[in-house]
Structures are given as structure tokens and as C-alpha cells.
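> One predicted model, sequence on top.
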Amino acid sequence: MAKVKTTFFCQNCGSQFSKWQGQCTACKAWNTIVEEVVQKPEKSDWKANNATTPTKRVSKPLKIGDIDTTEDIRFNTEDTEFNRVLGGGLVPGSLTLLGGEPGIGKSTLLLQIALKLPFKTLYVSGEESQKQIKMRAERINPKTNNCYILTETKTQNIFRQIEALEPDIVVVDSIQTLHSDYIESSSGSISQIKECTTELIKFAKETATPVILIGHITKDGHIAGPKILEHMVDTVLQFEGDRNHVFRILRAHKNRFGSTNELGIYEMQGSGLREVTNPSEILISKKDGELSGNAVAATLEGMRPLMIEVQALVSSAVYGTPQRSATGFNAKRLNMLLAVLEKRAGFRLGAKDVFLNITGGITVDDPAIDLAVVAAILSSNEDEALPSDYCFAAEVGLSGEVRPVQRVEQRILEAEKLGFSTIFVSKYNKISLKNTKITIQLISKVEDLVGILV
Ligand code: TYD
Ligand code: MG
């Protein structure tokens, strides 16, 4: 009997060691090294049962001007949000990894795209049965009949089916359920994930078929498996959102074929995910009359302007220590803004509870939301509603100065398009817009805002 070969892998970074040790010398993590059984026959190729190995092409250096790029046609996925995030569609021979929390809708998104595609698509699932997938497909309401479902986890069997079917696009749900015969450790282990991905990359590059993989994430939000998994693939997408809210955001963390600034927005409905093409209109709650504590921020998510509603509630603190809580906004930043208000605007917020909420379950990193947060807090503190057609786009500094933000003109135009009458921006922003219907209020200090609003 052949000797069982084992190797030690760091579960954090995927480094390989010949013996166990307490700390990974590569990423310095403790207790992450685990023994895995590996046994590799001579050849590990996606065409395992293909006896004739094709003669290897030796690549030659080419002048950059001579490289042909005309063949770089992309597969249009019929989903404008998905196309946008990918940078225009799926590139032939590319590997795309989609990560996200359990239940966020990864399988739903990819099944929906697979059903809409005009190409022959193979959806390989190692997680659900064909019946379950059919039931889900019926909810989504299929348009085409070009989608094949395979429930299989062994890569060699998958490749056998692929050779018979010759699909144009392959979707694999999920990389953690696959296992290859060439490695003996269990599915989901580092060595299996590495091996299966390598086989899929080889397949994708040799046949110019785009492959989309679903990846689980760990509790701290990283894609489960070695970090090198993210280096191996061409594109890493992240599907995120609050599971209790309907909005889902698709972001590119890495993209070899496009920018990572683009963003796709979906709404989870009873019949699958709906593309949200006009996010600003949905994120602003329709209300009768004006309510205190609400302010609208003109933010940018990636390249897209997004009008977001900020709600604040300021009330007298019942207990000794006032409470501060923020949903969708950095709590430290909220404390900083409160301190600025205390010092610069004379508000005694120390004896008040402050709650802040960004509507729609969205998390905002754009510093341009600061001024809207300040306005919402002031409005709630005074119990006076701001006019509902006011909006804000500026960062607030520690000394209470209102700082300029990037691409302010794009924000102003979006606000104008949505019918806002006034936008508050920093005096230091250079604006060369002419003939705008919207009033542009330039302010330089938080105190100015207090003067205007209260
Ligand atoms: P799923 O796509 O299985 O998530 P993941 O693959 O990321 O784990 O499921 C997403 C959730 O979406 C599930 O809890 C049910 C819900 N859902 C809808 O609300 N509408 C639908 O049409 C579908 C198919 C699912
Ligand atoms: Mg799933």
C-alpha cells in the first residue's frame, strides 16, 4: 500500500509546512496549522480521462503593440447591475468568485442570471438537490430553457459532464463543497479548495469558458479558504447587505478586467432579486408632512451618486451615561461629530441619548454624509423638521470646519434631478456648474448651518 502522504497547511493564509508548528511563519497566526492528507497521482488535469495530452504551446514574448485584443468580446449577462460590476460582462476564460454571508442571496443571484442567459449554462450545485433548485427557479420565473442543473461535487465527474454538454458558461455553487480525487482530505479543506480551483482555472483558460464560483465567508467576513484563492481568480465579488432589509449590494473587491468602483444594487423580492436602477428614489422614504430628525445626504457609492436618508433621535438620557448608537454609520465618527457640535455649536448633548439610523440597511463610508448627520441631530434636538427638499454633501472636521468632498458636481446634479431645491456643500469646493435650478448653499463652518437651520 502506498504510504499516506500528509502536509500541514495554515488555515488562515494557506502556506504549506512539512511539520506541525504552533505559529504560522508566513502570516504569524497562532494555532491555524492543520494536517491534511494529500496524495497526488502523477497527473492532475481537468481532462483526466483524456489519454492524449495536448502538446504544450510554448509562449513567446510579443511586442505589446502586436498583442491582439480584438477577440476580447464579453458575454453580456442580461443583468445590467451584474454587467456593470464586472466592467461590461463576463470575460471568456475568466474565473469569478462571489462571496457573501449565508442566506444573503448568492445562489438566488447566480441562478437568476443563469436562467436569463441566452447561452448554454451549466449550474453545478453541491449544496442543493435538483428539485430544490427547480423550486427556486420557479419562484424566479425562468425565461429561457438553456440552463442545465447538475448536482455533483466531484470535480472529475463535473468535467466529464462538461465535456459531454459543452456549456458556454459554468456556475459552481460552492467551491467549498467540491472535492478532487487527487487529494484525499475532506471537502472545504485548504488543499481541496486549492486543487479544485486550480483544475477549474485550467479548464477555464483552455476552453475560454467563463466560470463563476460561489464562496462561503468566515465569521470575520473573509472568503473561507486560503487567501491565495482570491489571488488565483480574476474577479472577486462580494454580495452584501442586511439580511433583514431588502437591499443587497454587489461590489467588486478585485477585478482584472474593470474598475472596482462600480456597484450593483438589488432588491430581494418574493420572486427573486430585482435590479434597482434608480436607487436614490427608493432610499428616500415617502412621507406625509415633514418629520424632525430626518436629513438627506448626497453620497457617492463607487461611481454612482446615491441620495441616502439619515434619521437621528435625540432624547434626554434617562440613565447616568448617555447612550449613543448608530446603525449603518461608524459609531466612533458619531461620537466625534457630537463632540464637535458640543464644542462649536454650544449644544449640551452630553445629557442626551443619540440614536442614528441610515435607512435601507445600507452602510455608508463616504465622509460626505457627515453634514447630513449633523443636520439630522440638530433637527431632532430642536424638534424642528428640515424642509424635505434640502440635502447635504460635506465632511465635517474636528474644528467644526465644513470640508470639501470629491466629485461634488455629480452629487449636485443628482440632487437636482431628484427635485431637491437646496444642497449644502463646503465653501471650499470648486464648482463650475452654471444654470442649475438647485440652490447651492456654500458654508464653511458647522455654526453657519446652525444659523441657517435653527
Ligand atoms: P440563498 O440564495 O439560498 O442565499 P445564499 O446562497 O447566499 O446562502 O437565499 C436567500 C434568501 O432569499 C432565502 O432566505 C430566501 C430568500 N428568497 C426570497 O426572498 N425570494 C426569492 O425569490 C428567493 C429565491 C429567495
Ligand atoms: Mg446558497
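Now that the structure is in, tell me what you want to look at. Numbers count the residues shown, from 1 in each chain. Ligands and ions are numbered 1, 2, ... in the order given.

> Which residue ranges of the stretch 101-250 of the chain form helices?
Secondary structure of the stretch 101-250 of the chain (DSSP state H, counting those that start in this stretch): helices located at 106-116, 130-140, 155-165, 190-207, 228-232.

> Any idea which of the ones you listed gets closest to ligand 1?
helix 106-116 (3.3 Å; CB to the nearest ligand atom). In this view, the C-beta of every residue, glycine as well, is placed from N, C-alpha and C.

> surely Phe350 meets Ala339?
No, residue 350 isn't Phe; it's Gly. No - with contact defined as CB atoms under 8 Å, Gly350 does not reach Ala339; the gap is 9.5 Å.

> Next, Leu337: secondary structure please.
helix (DSSP: H, G, I helix; E, B strand; the rest coil).

> List the contacts of it.
370, 373-374, 377, 396 (CB atoms under 8 Å, 6 or more residues apart in numbering).

> Helices - which of those residues land there?
The members of the contacts of Leu337 that map onto helices under DSSP state H are 370, 373-374, 377.

> of those, closest to Gln323?
Ile377 (14.0 Å; CB to CB).

> avg pLDDT for the lengthiest strand in the chain?
Determined from DSSP state E, the single longest strand within the chain is strand 304-316. On average, the pLDDT along strand 304-316 is 89.

> Now do the contacts for Gly14.
Counting by CB under 8 Å, 6+ apart, Gly14 makes contact with 190, 194, 225-229.

> change it to 6 Å
190, 226, 228 (CB atoms under 6 Å, 6 or more residues apart in numbering).

> One more: Phe17?
Phe8.

> how does the chain divide into domains?
5-38, 74-277, 282-453 (the TED database).

> Just the endpoints, please. Distance across the first one?
From its first residue to its last, domain 5-38 covers 6 Å (CA to CA, to the nearest Å).

> Could I get the buried residue list for it?
Using 16 or more other CB atoms under 10 Å as the test for burial, domain 5-38 gives 7-16, 24, 32-33, 36, 38.

> Tell me, what's the model's pLDDT at Phe239?
pLDDT recorded at Phe239 is 90.

> Torsion angles phi and psi at the residue of the stretch 301-450 of the chain found nearest ligand 1?
With CB to the nearest ligand atom as the measure, Gly361 is the residue of the stretch 301-450 of the chain nearest to ligand 1, at 14.2 Å. When read as degrees, to the nearest 10, the backbone of Gly361 gives phi 70, psi 30.

> pLDDT score assigned to it?
pLDDT, read off for Gly361, is 77.

> re earlier: return the most buried member of the helices of the stretch 101-250 of the chain.
Most buried of these by mean neighbour count (mean count of other CB atoms under 10 Å) is helix 106-116; its value is a mean of 23.

> what's around Arg411, how many residues?
Residues lying near Arg411 (other CB atoms under 10 Å) number 27.

> What count of nearby residues applies to Ser421?
Ser421 has 14 nearby residues by other CB under 10 Å.

> which one is the residue of the stretch 301-450 of the chain closest to ligand 1 nearest to, not counting chain neighbours?
His245 (2.9 Å; CB to CB, 6 or more residues apart in numbering).

> What separation do you get for that neighbour and ligand 1?
12 Å (CB to the nearest ligand atom, to the nearest Å).

> From Leu300, how far out is the closest residue in space to Ser432 that isn't next to it in sequence?
By the measure of CB to CB, 6+ apart, the closest residue to Ser432 outside its immediate chain neighbours is Glu409, 7.4 Å from it. Distance, Glu409 to Leu300, using CB to CB, to the nearest Å: 11 Å.

> Tell me which of these two has more neighbours.
A direct count of neighbours by other CB under 10 Å for Glu409 and Leu300 places Leu300 higher, at 21 against 14.

> which bits of the chain sit near ligand 1?
100, 102-108, 136, 139-140, 268, 270-272 (CB under 6 Å from any ligand atom).

> which two from the residues you listed end up farthest apart in space?
Among the residues of the chain next to ligand 1, Pro102 and Ser271 lie farthest apart (CB to CB), at 21.1 Å.

> between those two, who's got more neighbours?
The neighbour comparison of Pro102 against Ser271 (other CB under 10 Å) goes to Ser271, with 11 against 8.

> tell me what the helix or strand hosting the residue nearest to Ser432 is packed against?
According to DSSP states H and E, Glu409 maps onto helix 408-417. Counting contacts by 3 or more CB pairs under 6 Å, 6 or more residues apart in numbering; DSSP states H and E, helix 408-417 packs against strand 304-316, strand 422-426.

> what about the stretch 301-450 of the chain, any weak spots by pLDDT?
Nowhere does the stretch 301-450 of the chain drop to pLDDT under 70.

> re the thing from before, list the contacts for the residue of the stretch 301-450 of the chain closest to ligand 1?
Contacts of Gly361 by CB under 6 Å, 6+ apart are 242, 245, 247.

> again, 7 Å this time
By CB atoms under 7 Å, 6 or more residues apart in numbering, Gly361 lies in contact with 241-242, 244-245, 247, 328.

> Ser380 now?
292-293, 312-314.

> on that earlier part again, if we only consider the residues of the chain next to ligand 1, which is nearest to Arg324?
Ile104 (28.2 Å).

> Measure how buried that closest one is and give me the count.
20.

> right, and it touches Arg243 too?
Yes - between Ile104 and Arg243 there is a contact under CB atoms under 7 Å: 6.3 Å.
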